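Trainee: Sharing a model prediction with you, sequence too.
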Amino acid sequence: MDQTHAPDSNASGPKLSVPFQLGFGIGQVGGSILANTPALILLFFMTDMLAIPPALAGLAVFIPKLWVIVFDPLMGRISDHTNSRWGRRRPYILAGALGCGVGFYFLFDVPAFDTVTERFIYMTVMFTMVSTAFSIFSVPYLAKAGELAPGYKDRTTIMAYRMAFQSIGILVGIGLIRYLVEWGGGGLAGYTFMGAVLSATCMITMLSPFFAARNGPTESVDTPQMPLREQIRTALDNKPYLVIAAAVTLYWIAASCVYAGLPYMFSYIILGSAGLFFDLAFYMTLAAFIAIPAWTWLAGRIGKKPTYYISTFAYCATVLSWLTAAPGQDFMVVLRGIFVGLTNTGMLMTAVAMLPDTIEYDRIKTGLRREGVFSGFWMAIEKAGNAMGALVVGLVLSIMGFVESTGGVPVEQTESALGGILIAFSAVPVVLMLAGLVILKAYNLDEDSLRRLRQDTDNTNP
């Protein structure tokens, strides 16, 4: 039964040109900033700039993510069922890019409210708006990447381009944060300046895939109007997707703990400068660039799942080494950043490359094209993980007695509070990562199994 007018996603098809992949992939710069900068700085911004208690600040990050957990799959369904002269995905890529650019600025341009409650409500509402705009962009953007890749190994290639631009986004959205705040005069004014620069960067780069895809393949797909509840039910039959999704959920929570805890490490443990913060991000990004071809080769050689295991163990060893961090160890800080870049690239690239394989598995089993639905759930997982990480860090800091402040001037913390920073930044992420590897043992989808499944399906439905 033919349920789509789209070409077989495993047909050889024309190869995507390098200029096209560059133009499409550059959207990940803005996507990386939207995903990583709030995860890195938003909790710290609220506790050390707005004097919002850490547990309440974590809640301000978590509540918007609860909304996008619901909205992301809906956004995927909406884009799956859109038919326009721009295709299924491009209209939302355009709208989301514009919304993200505007919303990100106002996230850090906070009015002078008198009470903690007012500041908490503003940050919660504004972050909800930014997160919604990011969903409108990111879900169709991820789904479009899966549609464009013509085969199993091509999916790894297109994701490698995105990883390269994601590294640039990390350098801009993480490495330049402290410099931008300083150049803007420090304090709240500095954060407003930082927000203005990054909002413009997000908007410009996120518009690129909209224009790059204008001459790309535009699918006309007749997707059955299956109720969302039924789509979710049948999607739950995709066991490989459920396994990788569960493992990656723990990855995102762990990675978010590291991101949210890093500003506290620099301000209270390492006592590092803006220059050291940039060096950490720069060498981490450089290492990620260097690692992409190596991880791509290794995944092609031994498979995506074993590559994920190797990179995760190496990442955990690196994160544990931060337990010995102290002031004056600039070389060790940069060295750890290099290993974080090397290992995190392998985890994220192979995880994202396995996603289209699980979508292909679903297409073969059901005959449906539901890239948007699965991509929507995937983005919800990423954002829920980021929210949970910030909430975990906020709760740990509150339990351990961390004291919030205003104006960005660190206050003296107790030994217990400093220990809480180390626990949230290092110990908790490693436990979560290792638990994810236990779950991933049940994942058994590779190129050969997809080929066999396709042949069996063709033989059953000649």
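Mentor: Received it, and whenever you're ready, just let me know what you need.

Trainee: Can you give me the neighbour number for residue 78?
Mentor: 17 (other Cβ atoms under 10 Å). (C-beta placed from N, C-alpha, C; glycine too.)

Trainee: I misspoke; the intended subject was residue 316.
Mentor: Residue 316 has 20 nearby residues by other Cβ under 10 Å.

Trainee: Could you verify my assumption that it touches residue 432?
Mentor: No: look at residue 316 against residue 432 with Cβ atoms under 8 Å: they stay out of range, at 9.8 Å.

Trainee: So for the one helix or strand residue 318 maps to, mean pLDDT?
Mentor: Per DSSP states H and E: residue 318 is located in helix 304-320. What helix 304-320 shows for mean pLDDT is 93.

Trainee: Show me what secondary structure element comes after it.
Mentor: helix 330-366.

Trainee: and that following helix with helix 304-320, angle?
Mentor: What separates the directions of helix 330-366 and helix 304-320 is an angle of 150 degrees, with axes from the mean of the first three to the mean of the last three Cα atoms, to 10 degrees.

Trainee: which strands and helices sit next to helix 330-366?
Mentor: helix 116-148, helix 152-170, helix 239-264, helix 274-302, helix 304-320, helix 371-399, helix 447-460 (3 or more Cβ pairs under 8 Å, 6 or more residues apart in numbering; DSSP states H and E).

Trainee: among those helices, which is nearest residue 77?
Mentor: helix 371-399 (5.7 Å; Cβ to Cβ).

Trainee: coming back round to it: identify the residues contacting the helix holding residue 318?
Mentor: 156, 251, 258, 295, 298-299, 336, 339-340, 342-347, 350-351, 353-354, 357, 425-427, 429-430, 433-434, 436-437, 440, 443, 446 (Cβ atoms under 8 Å, 6 or more residues apart in numbering).

Trainee: Where does pLDDT dip in the stretch 51-200 of the chain?
Mentor: In the predicted model of the stretch 51-200 of the chain, residues 145-160 satisfy pLDDT under 70.

Trainee: ok, and the closest non-adjacent residue to residue 379?
Mentor: Distances taken as Cβ to Cβ, 6 or more residues apart in numbering place residue 72 nearest to residue 379, at 4.5 Å, with adjacent residues excluded.

Trainee: Could you check how far that neighbour is from residue 116?
Mentor: 30 Å (Cβ to Cβ, to the nearest Å).

Trainee: which of the two has more neighbours?
Mentor: The neighbour count for residue 72 versus residue 116, taken as other Cβ under 10 Å, is higher for residue 72 (31 against 16).

Trainee: give the contact list for the more buried one.
Mentor: 135, 139, 376, 377, 379, 380, 383.

Trainee: Kindly recompute the last result at 6 Å.
Mentor: 135, 139, 376, 379, 380 (Cβ atoms under 6 Å, 6 or more residues apart in numbering).

Trainee: Next one: it from residue 78, what distance?
Mentor: Noted for residue 72: a distance of 11 Å to residue 78, by Cβ to Cβ.

Trainee: Low-confidence ranges, the stretch 201-350 of the chain, go.
Mentor: Looking at the stretch 201-350 of the chain by pLDDT under 70, you get 213, 215-235.

Trainee: what do you get if the cut-off is 50, keeping everything else the same?
Mentor: Within the stretch 201-350 of the chain, the segments meeting pLDDT under 50 span 220-222.

Trainee: hang on, residue 375 packs against residue 140?
Mentor: No: counting by Cβ atoms under 6 Å, residue 375 sits too far from residue 140 to count as a contact (7.8 Å).

Trainee: neighbour-wise, which of the two wins?
Mentor: residue 140 (33 against 30).

Trainee: Quick check: closest non-adjacent residue to the more buried one.
Mentor: Residue 140 sits nearest to residue 89 (Cβ to Cβ, 6+ apart), 3.7 Å away.

Trainee: if I look at the one you found, how far off is residue 33?
Mentor: Distance from residue 89 to residue 33, by Cβ to Cβ: 20 Å.

Trainee: Who has more neighbours out of these two?
Mentor: Remark: of residue 89 and residue 33, residue 89 carries more neighbours, 30 against 25, as counted by other Cβ under 10 Å.

Trainee: quick one: the more buried one from residue 27, how far?
Mentor: 11 Å.

Trainee: Residue 201 too?
Mentor: 12 Å.

Trainee: and for those two, which residues touch both?
Mentor: Contacts common to residue 201 and residue 27, judged by Cβ under 6 Å, 6+ apart, are absent.

Trainee: who's more crowded, the two?
Mentor: Using other Cβ under 10 Å, the more surrounded residue of residue 201 and residue 27 is residue 27, with 30 against 19.

Trainee: For residue 195, give me its contacts.
Mentor: Counting by Cβ under 6 Å, 6+ apart, residue 195 has contacts 105, 108.

Trainee: Which strand or helix spans it?
Mentor: helix 187-212.

Trainee: got the buried residues for that helix?
Mentor: Counting neighbours by 16 or more other Cβ atoms under 10 Å, one finds that the buried residues in helix 187-212 are 188, 190-196, 198-199, 201-203, 205-210, 212.

Trainee: Please tell me how far the residue nearest to residue 250 when sequence neighbours are not counted sits from residue 425.
Mentor: In this structure, residue 250 finds its nearest non-sequential neighbour in residue 436, 3.8 Å apart by Cβ to Cβ, 6+ apart. Going from residue 436 to residue 425 by Cβ to Cβ gives 18 Å.

Trainee: Likewise for residue 206?
Mentor: Distance from residue 206 to residue 425, by Cβ to Cβ: 30 Å.

Trainee: Sort out which of the contacts of helix 304-320 are buried, if you could.
Mentor: 156, 251, 258, 295, 298-299, 336, 339-340, 342-347, 350-351, 353-354, 357, 425-427, 429-430, 433, 436-437, 440, 443, 446.

Trainee: Compare the contacts of residue 72 and tell me which is most surrounded.
Mentor: residue 139 (35 neighbours).

Trainee: residues in contact with that one?
Mentor: Counting by Cβ under 6 Å, 6+ apart, residue 139 has contacts 72, 75, 76, 375, 376, 379.
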